[in-house]
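A.B. asks: A predicted structure for the sequence below; I have some questions about it.
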Amino acid sequence: MGLRKYTKEVIKEGKRVRWPKRQDFLMAVTTVLAITIIAALILTIENLAAGRLLGTVEEAFQIFK
């Protein structure tokens, strides 16, 4: 399959697709961004907590050196 034929077929399929309305699309994007930000915050907090916990454990074992 040549590049021209492939491009024509992609355009043809693109016209068949039932694209979402702008409002639906923006709602979906907003939802994805909100979930991503919340997940990033949760993971950051967990990472900081784990770092503090490991730091405390490390300090506790400094006594045995």
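C.D. replies: Ah, there it is. Numbering: from 1, shown residues only.

A.B. asks: helix or strand for T44, which one?
C.D. replies: helix 22-61 (DSSP states H and E).

A.B. asks: which secondary structure elements does that helix sit against?
C.D. replies: Secondary-structure packing of helix 22-61 (3 or more CB pairs under 8 Å, 6 or more residues apart in numbering; DSSP states H and E): no helix or strand packs against it. For glycine as for every other residue, the C-beta is placed from the backbone atoms N, C-alpha and C.

A.B. asks: where's the residue nearest the centre of the chain relative to T30, distance?
C.D. replies: Centroid-nearest residue in the chain, with CA atoms, centre = their mean: T36, separated by 5.3 Å. With the distance defined as CB to CB, to the nearest Å, T36 ends up 11 Å from T30.

A.B. asks: for I42, give its distance to P20.
C.D. replies: Counting by CB to CB, the separation of I42 from P20 is 29 Å.

A.B. asks: pLDDT score for K65?
C.D. replies: The score at K65 is 69. That number is its pLDDT.

A.B. asks: run a quick neighbour tally on A28.
C.D. replies: Number of residues near A28 (other CB atoms under 10 Å) recorded here: 11.

A.B. asks: the closest residue to it other than its chain neighbours in helix, strand or coil?
C.D. replies: Beyond its immediate neighbours in the sequence, the residue positioned closest to A28 (CB to CB, 6 or more residues apart in numbering) is P20, lying 7.3 Å away. Using DSSP: H, G, I helix; E, B strand; the rest coil, the three-state assignment for P20 comes out as coil.

A.B. asks: noted, bye for now.
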